[in-house]
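Enquirer: sequence plus predicted model, see below.
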Amino acid sequence: MRGFGGAGRSIGGMGRTFGMHRRYHEGDDVPQVPVTRARLGRVARYFAPYWPQWVAILLCIAAISGLGVLPPLLVRSILDNAIPDRDAGLLHLLVAGIVGLTVVSSLIGVLQSWLSTRVGQSIMVDLRNHLYHHLQRQSLGFYTAERAGEIVSRVNNDVGAVQHVATSTVVSIASSFLTLVATLIVIFSLNPWLALLAIAIVPSFYLPTRIVGRIRHRLSRQTQEQYAEMVAFMEERLNLGGMLLAKIFGQVAADAEHFSERSRGVADLNVKQAMAGRWFFMCLAVFSVAGPALIYLYGGHQAIRGELSIGTIIAFVAYLTNLYRPVGQMANVYVDLQGALAVFERIFDYLDRRPDVEDSADASELARARGDIRLEHVSFEYPRSAHRVKHDNGDAQGRPAAPSPALQDVSFEISAGERVALVGPSGAGKTTVTYLLPRFYDPTEGRILLDGHDLRHLTQESLRAHIGVVTQDTFLFHTTVRENLLYARPGATDDEMFAATRSANIHDFIAGLPDGYETMVGERGFRLSGGEKQRLAIARALLKDPRILILDEATSHLDATSEHLIQQALEVLLAGRTSVTIAHRLSTILNADKIVVLDEGRVLEVGSHSELVGNRGLYADLFERQFRDALAQASAKDDRTADRTP
Ligand code: ATP
């Protein structure tokens, strides 16, 4: 199979595949994510199902904000009434009130954070599931273009950041707003002139907020991207395949250096981000000292003139904290809101990508399949995103190379039960044909019919239920042999599973493993030999029991015993099914009912072996080159054996 190998793609594609780089480049004036109604509305849709909890959270916040304005009033009473009147009873009552209010509002705070954490987690689960489901619907093109680590990072980190938005950002906005309103009401009713003085310096918060907002937003975005890149790099290198490659090509030290660069990049950005926040808080701190100074100055003069009580001045200064903290938080909230929207934007970027292959509205279920396949004038060009990755080189000016169709005007028929071999030089389009049959991609032009139904009018699930695929490179999950087999048919009984493994000549091998069917196959099945993995894949396909089989024959040569076991297993698998095989073995070609010869995306010849040899075209040529030596060797061996026989 082509198109999924890692090395060239990963190295060439580094940094190019990130969605964000398409629009924003480092050093550019990074646009902020404007807080628009549409954006907020879209985010709100995820919050909406939990409205009863949100109401409860808001009530908690309102109660906390309401209770928060009372202590300074009690302090004022202590200073202006209890102490001057020498009223110990009132003093005790007021002090108890201050303590009691704090205890009650802290308890409500606990309830509120419990509620908001639960809601945050629920929203996260919804979003994660939505994203996972959406990613499952994407065609192969998406996965060819995107790096695995990048996808995991979005599902993991970005969705994880949503929890922060729910528990911190939203609560912070509501709490700041309500505290601000309550405080303004109280201070204006206490002394309007002092209140005006207190809010006079509020605008000076605005400028630093805006500047820091832009910086933090840009840094947060860059950090996310760099982090995703670091994770993608790790995912690619820290696995068996990547590690083998690194060791074989002596790139261990170079990889460590690349990793360290990325790691340092993330660390630097984190430091910058933390410092941007620090400057911000420093500005706020400076301005929040100016407020009390003005109150003491103006209020002090009024007190000297006997127009204001000491208690009111002290209460006012206490209220300044109630005033500036929420203003600071609101300012910060705007920054956070932008950061939160950036997180959502990255998630929506995925959610907005329509899968290349989708079920049409009137798609029907294919309950049974006979297995008659017809390709009618099929042309196909890989989606550009996928193309860019595979043909990274581009031209001399660095522009991506113009795509050429992988298939052009391909037409041929396969009758039910027929064995078809696809033959052709490398890059001819053989794999591409096998991708189109299960609708991993849809043809750009022309159509493919199964039992007379255009594949586009069938649901993908019902179509694929009739198709089995055995690839050269068997993918196995890191779990037991049993679970890997049952992935093909979770409801299969043990007897059915054993029947499949017996037919695939792998039962005895599995039964002989230390834990039998419960043996872990290791990462991607690396604990099994190539031949064993292939037979396991054949057993898996047998268990699925599809009408149509797609087979990508292994090019690597196995030893004679292993080859023989696989051949036997394949015979059972192919019997009575329609099959399309990317053929590399002479026996497969000779046993095929029909051979389709492809070159540069076009069908050159169709026919049986003897017909095609008679044509003296590309097939005869390929056959000569590929198999003449093998045939000569085989007959020489036969001669030698005959000579030695007495
Ligand atoms: P081989 O025998 O070497 O596996 P093949 O006949 O199976 O070759 P295909 O894999 O079908 O050839 O490729 C046909 C053409 O499409 C080639 O030019 C190839 O580079 C291109 N191609 C294959 N996969 C992709 C992809 N994901 N994106 C872009 N182009 C692709």
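Expert: Yep, that arrived.
Enquirer: tell me which residue is most central in this structure.
Expert: By C-alpha atoms, centre = their mean, the chain has its centre lying nearest to Ile151, at 2.7 Å.
Enquirer: next structured bit after the host helix or strand of it?
Expert: Per DSSP states H and E: Ile151 is located in helix 148-153. Next in sequence after helix 148-153, counting helices and strands by DSSP H and E, comes helix 159-164.
Enquirer: who are the packing partners of the helix or strand just after that next one?
Expert: Next helix or strand after helix 159-164 toward the C-terminus (DSSP H and E): helix 171-190. Using 3 or more C-beta pairs under 8 Å, 6 or more residues apart in numbering; DSSP states H and E, the elements in contact with helix 171-190 are helix 51-68, helix 88-137, helix 192-200, helix 310-351. Every residue, glycine included, has its C-beta placed from N, CA and C.
Enquirer: in the third one, what's buried?
Expert: Spelled out, it's helix 192-200. Leu194, Ala195, Leu197, Ala198, Ile199 (16 or more other C-beta atoms under 10 Å).
Enquirer: closest to the ligand among those?
Expert: Of all the buried residues of helix 192-200, the one with the least separation from the ligand (C-beta to the nearest ligand atom) is Ile199, at 61.1 Å.
Enquirer: just checking, that closest one touches Pro326?
Expert: No: look at Ile199 against Pro326 with C-beta atoms under 8 Å: they stay out of range, at 12.0 Å.
Enquirer: just put the helices and strands packed on helix 171-190 in CSV and tack on mean pLDDT and distance to Arg540.
Expert: Listed next are these as CSV, based on pLDDT from 0 to 100; distance: least, C-beta to C-beta, whole Å:
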stretch, mean pLDDT, distance to Arg540
helix 51-68, 94, 45
helix 88-137, 93, 20
helix 192-200, 87, 71
helix 310-351, 81, 30
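Enquirer: export those to TSV and tack on distance to the ligand?
Expert: TSV is the format used below for the helices and strands packed on helix 171-190 (distance: least, C-beta to the nearest ligand atom, whole Å):
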stretch	distance to the ligand
helix 51-68	45
helix 88-137	18
helix 192-200	61
helix 310-351	19
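Enquirer: which of these sits closest to Ser360?
Expert: Closest approach to Ser360 among these (C-beta to C-beta): helix 88-137, 13.8 Å.
Enquirer: what's the following helix or strand after that closest one?
Expert: helix 140-145.
Enquirer: and that following helix, what does it pack onto?
Expert: When contacts are defined as 3+ C-beta pairs under 8 Å, 6+ apart, helix 140-145 packs onto helix 384-390.
Enquirer: pull up the pairing partners for the host helix or strand of Leu375, direction included.
Expert: For Leu375, the host element (DSSP H and E) is strand 373-380. The strands that strand 373-380 pairs with in its sheet are strand 407-414 (antiparallel), strand 445-450 (antiparallel) (by DSSP bridges).
Enquirer: what about the strands in the stretch 351-500 of the chain?
Expert: With DSSP state E, counting those that start in this stretch as the criterion, the stretch 351-500 of the chain has strands at 373-380, 407-414, 419-423, 445-450, 453-454, 467-470.
Enquirer: look up how far Leu135 lies from the residue of the stretch 151-300 of the chain at minimum distance from the ligand.
Expert: Nearest to the ligand in the stretch 151-300 of the chain, going by C-beta to the nearest ligand atom, is Ile151, at a distance of 16.4 Å. Distance, Ile151 to Leu135, by C-beta to C-beta, to the nearest Å: 7 Å.
Enquirer: give the residues shared as contacts by these two.
Expert: Residues touching both Ile151 and Leu135 by C-beta atoms under 8 Å, 6 or more residues apart in numbering: Tyr350.
Enquirer: closest to Gly417 out of the buried residues of helix 192-200?
Expert: Ile199 (84.9 Å).
Enquirer: need the contact list for the closest one.
Expert: By C-beta under 8 Å, 6+ apart, Ile199 lies in contact with Leu184, Leu323.
Enquirer: where in the stretch 301-450 of the chain is pLDDT low?
Expert: Along the stretch 301-450 of the chain, segments meeting pLDDT under 70 span 331-335, 385-403.
Enquirer: next one: the stretch 451-600 of the chain
Expert: Along the stretch 451-600 of the chain, segments meeting pLDDT under 70 span 523-526, 554-558.
Enquirer: can you give me the helices for it?
Expert: Ranges of helices within the stretch 451-600 of the chain are 460-464, 481-486, 494-503, 507-511, 530-544, 560-574, 586-591, based on DSSP state H, counting those that start in this stretch.
Enquirer: gap between Ala290 and Leu573?
Expert: 82 Å.
Enquirer: and the two? which has more neighbours close in?
Expert: Leu573 (25 against 14; other C-beta atoms under 10 Å).
Enquirer: distance-wise, check that one relative to the ligand.
Expert: Here Leu573 is placed at a distance of 21 Å from the ligand (C-beta to the nearest ligand atom, to the nearest Å).
Enquirer: for Ala511, same thing?
Expert: Ala511 is 35 Å from the ligand, by C-beta to the nearest ligand atom.
Enquirer: excluding its backbone neighbours, what's nearest that residue?
Expert: Spatial nearest neighbour of Ala511, excluding adjacent residues (C-beta to C-beta, 6 or more residues apart in numbering): Tyr517 at 7.8 Å.
Enquirer: thought that neighbour was touching Thr480?
Expert: Yes: using C-beta under 8 Å, Tyr517 is in contact with Thr480, at 6.7 Å.
Enquirer: between the two, which has more neighbouring residues?
Expert: Counted by other C-beta under 10 Å, Tyr517 and Thr480 do not tie: Tyr517 has more neighbours, with 19 against 16.
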